[in-house]
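1. Okay, structure incoming, though there's no sequence with it:
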């Protein structure tokens, strides 16, 4: 079949004005609908066709509405599963009005054209995000008629305008007002593209949810049993991304960059942050802010983390937030210049005073929220510092997130590294047991090493990271850098390594610097040589059996 040739009235390359005389409206989200529908009727004398709850809503707003069942000659049936799937609806949407055969079919079967479709779909996403939702509830919130009408209208955008979100209403009215009650071709084409993106995202949500059910992830008792041996990673990973923000550039000024969002997460995130002050966020700002926020989420006690180039240069926890910030900054004041700060508790005035007392520029501050006086003080201290509010920060993580790294031609996908400190799995391999204080320091060193880029060495004491060696190609030089940054503070401190020490050379440097406790995964063929070294020096060593590479 040859592709239909649109007339000038439907030519998307020109103005292509099409009068809007009949509108089909069926929405679950009724935000702004009363005003929009009233404008259609009062300003442009548009006939309204609707279904069920939407029809009642419009009548309650004082508008005359024709039920879909009057148009089709069939009642809604099967608990509303069947109501709009009818030739008198889809014929009115799909007919090419400049095609004589289509026009004859419309006349023969008494099918009237529909010029505007206003649809938003059953709230499948909200349904599956509800705690305890059953499989049956989820299935019943899969819209069938809605996507069918959206796709029909979008396919026939030469003649039909389709709107899938309340935020399109004012633009649509502006188009109609500009063209005396007609929609223009460019506007219809733009909304058609958005409509297909909308249904694609909707289908992706359903497919992803059902794959989780098949794999047995978070299923309720009423859901089908998981297939034996099903992988915890999806066989297909459909990803729908929505551009939230165009960034000034990517990692460098010659690279374009943008922030895209893919799903609503249940935990605090910089993608959903409220920005109270400062310049636009950059690509690197967001990377670093995410890294800093993830680090402070590990701790229930007041904590602060300062990140530069996606790795912590300062990380501390204390009895109060001002002290936690001061200790994080003291970890590496030189590297903190231009850093990104995250805090896990409300920023009060005392914390804001601690932050503003430093003599270094900060680029971004991320916190659950800010006291009013603290916010004003921070705004007055730095003209361009970005102040982000992310909501409550807890140690509960969204385990549904998968981490993806783009490589040329594909993606690497993995589960998040949500393993924290589990002392029940620790194995003391040295003759000397850690003291109570050393156990606390070892835990902090282990968390710090988890968030420092590999190869990672982190030295910690009294709830703060003293120095780290990050992103090194060999562990010995990572040790040297961590020691140099820690200085004399390394005496009596603990050290964490994100992977095992392949040889005793790195630990020997650390022990020479005064470190008394070491924690790492273990597993090297040279482990015994390292253990013997630690025993000779009277230090203590813990194996976690767990690695924390971060690239």
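-> Right, received. Where do you want to start? Note that this is a predicted model, so its numbers are computed, not measured. Numbering: from 1, shown residues only.

2. all strands of the stretch 401-550 of the chain, in order?
-> Per DSSP state E, counting those that start in this stretch, the stretch 401-550 of the chain carries strands over the ranges 402-407, 410-415, 427-428, 457-461, 464-469, 494-497, 517-520, 540-543.

3. Give the pairing partners of the first one; include direction for each.
-> Spelled out, it's strand 402-407. Sheet pairing for strand 402-407, assigned by DSSP bridges, gives strand 410-415 (antiparallel).

4. ok, and what's touching the strand it pairs with?
-> Outside strand 410-415, the residues within contact range by CB atoms under 8 Å, 6 or more residues apart in numbering are 232, 233, 237, 402, 403, 404, 405. In short, each C-beta sits where N, CA and C put it, glycine included.

5. could you dump those residues to TSV with distance to residue 509, pLDDT and neighbour count?
-> Shown next, in TSV, are the contacts of strand 410-415 (distance: CB to CB, whole Å; pLDDT from 0 to 100; neighbours: other CB atoms under 10 Å):
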residue	distance to residue 509	pLDDT	neighbour count
232	40	66	9
233	40	73	12
237	43	77	14
402	38	84	15
403	33	88	11
404	37	89	14
405	32	90	10
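
6. before we move on, the earlier item: how about the strands of the stretch 401-550 of the chain, which one is nearest residue 362?
-> Nearest to residue 362, of all these, is strand 464-469, at 17.8 Å by CB to CB.

7. tell me the angle of that closest one relative to strand 457-461?
-> Here strand 464-469 points in a direction 160 degrees away from that of strand 457-461 (axes from the mean of the first three to the mean of the last three CA atoms, to 10 degrees).

8. Mind giving me the packing neighbours of strand 464-469?
-> strand 311-317, helix 321-331, helix 436-451, strand 457-461, helix 475-486 (3 or more CB pairs under 8 Å, 6 or more residues apart in numbering; DSSP states H and E).

9. 6 Å - rerun?
-> Applying 3 or more CB pairs under 6 Å, 6 or more residues apart in numbering; DSSP states H and E, we find strand 464-469 packed against helix 321-331, strand 457-461, helix 475-486.

10. Average pLDDT for the biggest helix by length in the chain, rounded please.
-> Using DSSP state H to define each element, the chain has its longest helix at helix 185-214. The predicted model gives helix 185-214 an average pLDDT of 85.

11. Put together a markdown table for the strands of the stretch 401-550 of the chain, with distance to residue 156 on each row.
-> As requested, those are exported to a markdown table (distance: least, CB to CB, whole Å):
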| stretch | distance to residue 156 |
| --- | --- |
| strand 402-407 | 36 |
| strand 410-415 | 35 |
| strand 427-428 | 68 |
| strand 457-461 | 61 |
| strand 464-469 | 60 |
| strand 494-497 | 62 |
| strand 517-520 | 64 |
| strand 540-543 | 66 |
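
12. all helices of the stretch 51-200 of the chain, in order?
-> 52-60, 68-72, 87-94, 100-108, 124-129, 135-140, 145-155, 169-178, 185-214 (DSSP state H, counting those that start in this stretch).

13. quick revisit: any idea which of the strands of the stretch 401-550 of the chain is most buried?
-> Most buried of the strands of the stretch 401-550 of the chain by mean neighbour count (mean count of other CB atoms under 10 Å) is strand 494-497; its value is a mean of 32.

14. how much distance is there from that one to the middle of the chain?
-> Offset of strand 494-497 from its chain centre (CA atoms, centre = their mean, to the nearest Å): 32 Å.

15. go on, stretch 254-266?
-> 8 Å.

16. Check whether residue 321 really touches residue 346, as I assumed.
-> No - taking CB atoms under 6 Å as the definition, residue 321 is not a contact partner of residue 346, at 7.9 Å.

17. These two - which one has more neighbours?
-> Each of residue 321 and residue 346 has its neighbours counted (other CB atoms under 10 Å); residue 321 has more, 25 against 17.

18. Name all residues that make contact with the more buried one.
-> Residues near residue 321 by CB atoms under 6 Å, 6 or more residues apart in numbering: 302, 345, 351.

19. distance of it from residue 393?
-> For residue 321, the distance to residue 393 equals 12 Å [CB to CB, to the nearest Å].

20. Identify each buried residue in stretch 286-305, please.
-> 286-299, 302-305 (16 or more other CB atoms under 10 Å).

21. residues near the residue nearest to residue 300 when sequence neighbours are not counted, how many?
-> Closest residue to residue 300 apart from its sequence neighbours, by CB to CB, 6 or more residues apart in numbering: residue 395 at 5.4 Å. By other CB under 10 Å, the residues close to residue 395 number 12.

22. Could you check the pLDDT of residue 395?
-> Confidence score, pLDDT, at residue 395: 88.

23. shift numbering so it begins at 54
-> That works, and once the first residue is 54, the last one we named lands at residue 448.

24. Quick check: it touching residue 354?
-> No - checked against CB under 6 Å, the pair residue 448 and residue 354 is beyond contact range at 10.2 Å.

25. Please report the distance of residue 488 from residue 547.
-> Taken as CB to CB, the span from residue 488 to residue 547 is 10 Å.

26. and residue 306, how many residues sit next to it?
-> 9.

27. nope, residue 581 is what I meant
-> Residue 581, neighbours per other CB under 10 Å, totals 11.

28. swap in the one 5 residues further on?
-> Neighbouring residues of residue 586 were enumerated by other CB under 10 Å; the total is 19.

29. got it, and residue 95?
-> So residue 95, with other CB under 10 Å, has 10 neighbours.

30. Could you look up the SS state of it?
-> helix (DSSP: H, G, I helix; E, B strand; the rest coil).

31. ok, and the closest non-adjacent residue to residue 250?
-> Closest residue in space to residue 250, ignoring its immediate chain neighbours: residue 293 at 7.7 Å, by CB to CB, 6+ apart.

32. can you check residue 191 too?
-> residue 181 (5.3 Å).

33. I'd say that neighbour and residue 262 touch.
-> Yes - judged on CB under 6 Å, residue 181 makes contact with residue 262 at a distance of 5.4 Å.

34. Look at those two and report which has more neighbours.
-> residue 262 (21 against 18).

35. any idea how far residue 310 is from the more buried one?
-> For residue 262, the distance to residue 310 - CB to CB - is 31 Å.

36. Give me the number of neighbouring residues for the closest residue to residue 111 other than its chain neighbours.
-> Nearest non-adjacent residue to residue 111, counting by CB to CB, 6+ apart: residue 118, 4.8 Å away. Residues near residue 118, counting by other CB under 10 Å, number 21.

37. Residue 588 against residue 484, yeah?
-> Yes - applying CB under 6 Å, one finds residue 588 in contact with residue 484, separated by 4.9 Å.

38. Pull up the distance across stretch 592-602, start to finish.
-> Start-to-end span of stretch 592-602 (CA to CA, to the nearest Å) is 25 Å.

39. let me fix that: stretch 564-574
-> 18 Å.
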